[in-house]
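Enquirer: The sequence and its predicted three-dimensional model are supplied below.
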Amino acid sequence: MPAGDVQHSLAGVWRLMTGRADGLKLLDITADGFWNSFRAILLALPPLALGWVSYAGELAATGYGERPALVFRLFLAEMGAWLLPLVILALLARHIGLAQRFVPYVVASNWASVIFAWAMLPAVLMRLMMPEAGLAEMVSIFVFFLSLFFSWRMTVVVIDRGAAIGTAFFFAMLMGAITLLIWLQEMLGLVPDY
């Protein structure tokens, strides 16, 4: 995918996150654009992988397995939590009256995930370099809630059904993703028994 297309997509998502509906014009919401938006996973992988390496190190230190296998299991859990909610939404979109908004939402959501993954990088680096400081956790929590806010704004704008329906949809997708992530982590043996 050309760098210019990536730049347009990220700029469009940022505009959506700041409440500007014209950001949709910068996104390719054709069938090709829909499938190309999953290339966002490749752009999000570097910061995500650093986070997995950090967490895998903590798990390995408590006897949960070898670091490479743990990183792979974390990858599976994260990708499942990214993709499975979209598959479920694809199955339900027509029934909940959002069939027309499905493609714009998926495209925007995929590209937004790149921004959120890179926004978490400073906290991941802090956790790797200063694991005992506790500052990384505070930064992670701050970035997490900031990401939730921007994701909510983007969702309300893209869904275009008013704040109440957009908010309900946002929380349904959020709870679905969190539930799937927890289930996948438990299934893959990634939840330590402290």
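Expert: Good, I have the coordinates. In this text the structure is predicted, and so the values were computed from the model without any measurement. Residues are numbered from 1 along each chain as shown.

Enquirer: can we go C-alpha only for contacts and neighbour counts from here?
Expert: Noted.

Enquirer: for the residue nearest to Met130 when sequence neighbours are not counted, helix, strand, or coil?
Expert: Spatially, and ignoring its direct neighbours in sequence, Met130 is nearest to Ala136 (7.9 Å; Cα to Cα, 6 or more residues apart in numbering). Here Ala136 is helix, with the state taken from DSSP: H, G, I helix; E, B strand; the rest coil.

Enquirer: Low-confidence ranges, the protein, go.
Expert: By pLDDT under 70, the low-scoring segments of the chain are 1, 133, 192-194.

Enquirer: these two touch, right, the residue nearest to Met130 and Leu121?
Expert: No: taking contacts as Cα atoms under 8 Å, Ala136 lies outside contact range of Leu121: 10.1 Å.

Enquirer: how close does the closest residue to Pro104 other than its chain neighbours sit to Ser109?
Expert: If the residues on either side of it in the chain are set aside, Pro104 comes closest to Ile29, at 5.7 Å by Cα to Cα, 6+ apart. Here the criterion is Cα to Cα, to the nearest Å. By it, Ile29 lies 12 Å from Ser109.

Enquirer: Phe116 and Met187, how far apart?
Expert: Taken as Cα to Cα, the span from Phe116 to Met187 is 25 Å.

Enquirer: any idea which helix or strand carries Phe34?
Expert: Applying DSSP states H and E as the criterion places Phe34 in helix 31-36.

Enquirer: Dump that helix to PDB, keeping only the CA atoms.
Expert: This file holds the C-alpha atoms of helix 31-36, laid out as PDB (Å, rounded to 0.1, in the frame of the first residue of the first chain):
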ATOM      1  CA  ALA A  31     -14.300  -3.000  -1.300                       C
ATOM      2  CA  ASP A  32     -10.500  -2.700  -2.000                       C
ATOM      3  CA  GLY A  33     -10.200   0.000   0.700                       C
ATOM      4  CA  PHE A  34     -12.000  -2.300   3.200                       C
ATOM      5  CA  TRP A  35      -9.600  -5.200   2.600                       C
ATOM      6  CA  ASN A  36      -6.500  -2.900   2.400                       C
END
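
Enquirer: now for it, which elements pack on it?
Expert: helix 99-119 (3 or more Cα pairs under 8 Å, 6 or more residues apart in numbering; DSSP states H and E).

Enquirer: which residue ranges form the strands in this protein?
Expert: Counting by DSSP state E, the chain has no strands to list.
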